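**Student:** everything below, folded, please.
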Amino acid sequence: MPKTIKKVGVLTSGGDSPGMNAAIRSVVRTCAFHNIQCVGIYRGYQGMIEGDFKEMGARSVHNIINKGGTILKSARSKEFMTTEGREKAHEQLVKTGVDALVVIGGDGSFTGAEIFNKEFNFPVMGIPGTIDNDIFGTSHTLGYDTALNTVVDVIDKIRDTASSHNRLFFVEVMGRDAGHIALNAGIGAGAEEILIPEEDLGLDRLLDSLKKSKASGKSSSIVVIAEGDKIGKNVFELKDYVEANLPEYEVRVSVLGHMQRGGSPSCYDRVLASRLGVKAVESLLEGKSNFMVGMINDKVALTPLLQAIKGHTEIDRELLRVSEIMSI
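**Tutor:** Model (predicted):
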């Protein structure tokens, strides 16, 4: 018989992403709706080890749906990677009367939750929060849509300067080892070329593409590069290579960095966070555990945590074809 859940703990772990606060709000208010208690755990798993808890009610999460980052803070915990650290965390949860855990984060956070569940038979549920969109079992992770809009807005501004000075801009975007941000934002911003780790363009093909752009009458170009792309050791060495082989191009580099992880979440991310938070809490109340809540075919769905961690997200081949046609 499933354990009766009376108090749920919620934490954010790993890198922050827009929409995490909206997810915290959803978890807290779903608990209030079902007349169970909710505890916010500060600083992720490290805060869980140290007992950095705060009771949260429906009114304690007002005016946070529009805020980026996470009010619960986030931290990486080496101590939680040890058996002793996880035992301390479990003792703190038991002492506080927490019966189940909602973890908002990425694959590293889910790995910790999955191990914790196995060791202590403790009910856990994951909500995917990362701008990289590299978690298996969901079409969108929290923050991905917001990051895309941020990148497109910035590239639009860079294009103004590129056009004014007839320059070639290399714009590096985040995404770790996945090219989802680069591919979608590149198409959305009208980039002439998109470099992603899933598709090895190669230096010669890049040069050929830039030559064709020049020959077709383009006076400026934008190349969007995913940070995990392996075409060069880094974007600055790639710039030097292109300038050495195509001296007619004046190349500039913009590394967008952590601005992509900040800012007010988009409407899509706010709605997504709200839906996933409700499903996470209600799944725990139904006796389910060790799942990640995600979106599949625009429906909220559960994926086993281990599958979400081990599974591999695929790049959309149709989008690759579209990007080739659009860059002509």
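**Student:** could you point out the helix or strand that follows the host helix or strand of residue 28?
**Tutor:** Following DSSP states H and E, one finds residue 28 within helix 20-33. Counting by DSSP H and E, the next helix or strand C-terminal to helix 20-33 is strand 37-41.
**Student:** what helix or strand does residue 208 sit in?
**Tutor:** Using DSSP H and E, residue 208 sits in helix 203-215.
**Student:** list of residues touching that helix?
**Tutor:** For helix 203-215, contacts defined as CB atoms under 8 Å, 6 or more residues apart in numbering pick out 168, 192-193, 195, 201, 221, 223, 231-232, 241-242, 245-246, 248-249, 327. Just so you know, the C-beta spots here come from the backbone N, C-alpha and C atoms, and that holds for glycine as well.
**Student:** now with 6 Å?
**Tutor:** With CB atoms under 6 Å, 6 or more residues apart in numbering as the test, helix 203-215 has contacts from 192-193, 221, 245-246.
**Student:** name the residues of that helix that are buried.
**Tutor:** The neighbour-count check on helix 203-215 (16 or more other CB atoms under 10 Å) flags 206, 209-210, 213 as buried.
**Student:** which one of those is nearest residue 74?
**Tutor:** For the buried residues of helix 203-215, the closest approach to residue 74 (CB to CB) belongs to residue 206, at 36.5 Å.
**Student:** can you check which helix is longest in the chain?
**Tutor:** As assigned by DSSP state H, the longest helix anywhere in the chain is helix 144-165.
**Student:** who are the packing partners of it?
**Tutor:** Secondary-structure packing of helix 144-165 (3 or more CB pairs under 6 Å, 6 or more residues apart in numbering; DSSP states H and E): strand 168-173, helix 180-188, helix 267-285.
**Student:** gap between it and the chain center?
**Tutor:** Distance of helix 144-165 from its chain centroid, counting by CA atoms, centre = their mean, to the nearest Å, is 19 Å.
**Student:** what's the neighbour count on residue 99?
**Tutor:** If you count neighbours by other CB atoms under 10 Å, residue 99 ends up with 18.
**Student:** wait, it sits on residue 9?
**Tutor:** No: using CB atoms under 6 Å, residue 99 is not in contact with residue 9; the gap is 8.5 Å.
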